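Asks: Turn this into a structure:
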Amino acid sequence: MKKKFYFMSVLILVGVFINGCEVEEDPELLNVNQDSLNLATSITSNDDGYVNFMEAFESADLNGYTIVLEDHFFSADGSTTFVYSVEGTGATAQLDSFYLEVPECAGTVPSWSPTQSSKLEDGRIKWNNSISKDGKEVFTITYEGDISLGIIDVTVVRGGIETSTKVLGPCAGVYTISGSIFIDANSDKTKQPSETGIGGYTINLDQGEYHAEVQTSGDGSYSFEVLEGSYTVSVGSDLLNDQNYTATTVVSYDVDVTGDVTGKNFGYQVEATKITGEFNNGTIPLDTEDYKFWIQQIKNAGKNNSGYSKADLNKLLSDVEMYLLDVPFQFGGNKAKTALDILSKPIKSELDLYLQQLLTAELNVKSGRGAYKTVDGKLVLNESFNTALMIYAEARACEALGSCPSEEAAARTQATTKATRSLSTDIVLITSFNNGSGGL
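Replies: I've put the predicted structure just below:
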């Protein structure tokens, strides 16, 4: 599950009323009192041990008064209420008026309390409340809709002097940093539509002493929600912790955020020759079968000399069709025949051989076979490694076929790759993967 960088999400109720007109008091809202409010530190606390970048905005000292977002709570009617306190700090002149921003991202104009001597003007709710130099009042705003916690403007007028600062509120001032970790199949340092990534990989975000982490989603993408400012986004340089993948891009970005930032991608290339050697010398244990095994399984499906029923084989072939990319494998109505044609037809080109070995590899992986790793002294299937290898192999196949997901950049890269790079190294890699022990 994606963690939002400010670790808070709120649902907000927006009341509908005429701009500038007062509305009747809501008794429930007026019953909110100081004793019932949670401590402000509870608003941005979290159970994950991360430092919250927004905690500095829980309260604001402004022109002789302290403004605190005391609480926000979800009600049975589907609304969420923000509760603020405004308290004097002992300055001689008393409060003339108090404003809270109503940001556009919050939608329609909200309801609030108290409503006496208040109105909406210029995207702000204004209260003409007289609060003594050491007095305290509570103000509430209720919104509708799923609106995230953000940073809004708060303004105090005291002694005829107007001053403003920022405080926690709905949705405003929060931006996204996003990107992906991806297998750079053609090593061009640019993410192509055919080059996906791996889920569960840690991406770091830092700003001075603050640090947070998210895990990539299943396709390798990630996202942080942050405030305006300068950040560093980074990954470790060793993908999957096995030193068989090296970075083709930078592994750290310095990001200045004044709006949403996209495309902060981290590319890794497969060290094909190194991995092949480790397959062959047993450094990477394998439990796989070669293409001849799969020809026999498909031909004899449902018979005693096959481990698969016809239904099982059709399900396995459907899983291969829906694996990573729409290509290279779509088997049509007669899946077994089409798969057999790929596995057993005469090899007349590098591409024929590569597709034969790739289909074999995908049948191995989707049937629960593949490379293994040692965990606590036991061999376990290395699913992340196997997935990364298939991401690489499918992207190379679509480049060779000229059938990668269409984008002009992808087409240009594809043309260059086809002209300058053969499949020979990749054929050796995938064939070595398929020539495992068949049972460790």
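
Asks: Give the buried residues for stretch 240-255.
Replies: For stretch 240-255, the neighbour count (16 or more other C-beta atoms under 10 Å) marks 240, 242, 244-249, 251, 253, 255 as buried. All C-beta spots, glycine's among them, are computed from the backbone N, C-alpha and C.

Asks: got it, and stretch 147-164?
Replies: Buried residues in stretch 147-164, counted by 16+ other C-beta under 10 Å: 147-158.

Asks: Then stretch 387-405?
Replies: Neighbour counts over stretch 387-405 (16+ other C-beta under 10 Å) mark 387-400, 404 as buried.

Asks: And stretch 274-293, by the same measure?
Replies: 275-276, 278-279, 284-289, 291, 293.

Asks: Make JSON lines from the buried residues of stretch 240-255 and add secondary structure to it.
Replies: Shown next, in JSON lines, are these (DSSP: H, G, I helix; E, B strand; the rest coil):
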{"residue": "240", "secondary structure": "helix"}
{"residue": "242", "secondary structure": "coil"}
{"residue": "244", "secondary structure": "coil"}
{"residue": "245", "secondary structure": "strand"}
{"residue": "246", "secondary structure": "strand"}
{"residue": "247", "secondary structure": "strand"}
{"residue": "248", "secondary structure": "coil"}
{"residue": "249", "secondary structure": "coil"}
{"residue": "251", "secondary structure": "coil"}
{"residue": "253", "secondary structure": "strand"}
{"residue": "255", "secondary structure": "strand"}
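
Asks: ok, those vs residue 367, which is closest?
Replies: residue 240 (21.7 Å; C-beta to C-beta).

Asks: Would you agree the closest one is in contact with residue 387?
Replies: No: counting by C-beta atoms under 8 Å, residue 240 does not reach residue 387; the two are 9.6 Å apart.

Asks: intersection of neighbour lists for these two?
Replies: Applying C-beta atoms under 8 Å, 6 or more residues apart in numbering, one finds that residue 240 and residue 387 are jointly contacted by residue 198.

Asks: which residues does residue 67 bridge with?
Replies: Beta-bridge pairing of residue 67 under DSSP bridges involves residue 60, residue 86.

Asks: ok, it touching residue 156?
Replies: Yes: with contact defined as C-beta under 8 Å, residue 67 reaches residue 156; the gap is 7.3 Å.

Asks: anything in contact with each of the two?
Replies: Shared contacts of residue 67 and residue 156 (C-beta under 8 Å, 6+ apart): 86, 98.

Asks: Tell me where the chain has helices.
Replies: For the chain, the helices defined by DSSP state H occupy 27-30, 272-281, 291-299, 310-321, 335-344, 350-366, 383-401, 408-420, 424-434.

Asks: Can I get the longest one as CSV, trimmed to CA atoms?
Replies: These are the backbone C-alpha positions of helix 383-401, laid out as CSV (Å, rounded to 0.1, in the frame of the first residue of the first chain):
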residue,chain,number,x,y,z
GLU,A,383,10.5,-14.4,-7.3
SER,A,384,11.8,-10.9,-7.6
PHE,A,385,14.8,-12.1,-9.6
ASN,A,386,12.7,-14.2,-11.9
THR,A,387,10.3,-11.3,-12.5
ALA,A,388,13.2,-8.9,-13.2
LEU,A,389,14.6,-11.3,-15.7
MET,A,390,11.3,-11.7,-17.5
ILE,A,391,10.8,-7.9,-17.6
TYR,A,392,14.1,-7.6,-19.3
ALA,A,393,13.5,-10.5,-21.7
GLU,A,394,10.0,-9.4,-22.8
ALA,A,395,11.2,-5.9,-23.4
ARG,A,396,14.0,-7.2,-25.6
ALA,A,397,11.5,-9.4,-27.5
CYS,A,398,9.2,-6.5,-28.2
GLU,A,399,12.1,-4.4,-29.5
ALA,A,400,13.2,-7.2,-31.8
LEU,A,401,9.6,-7.7,-33.0
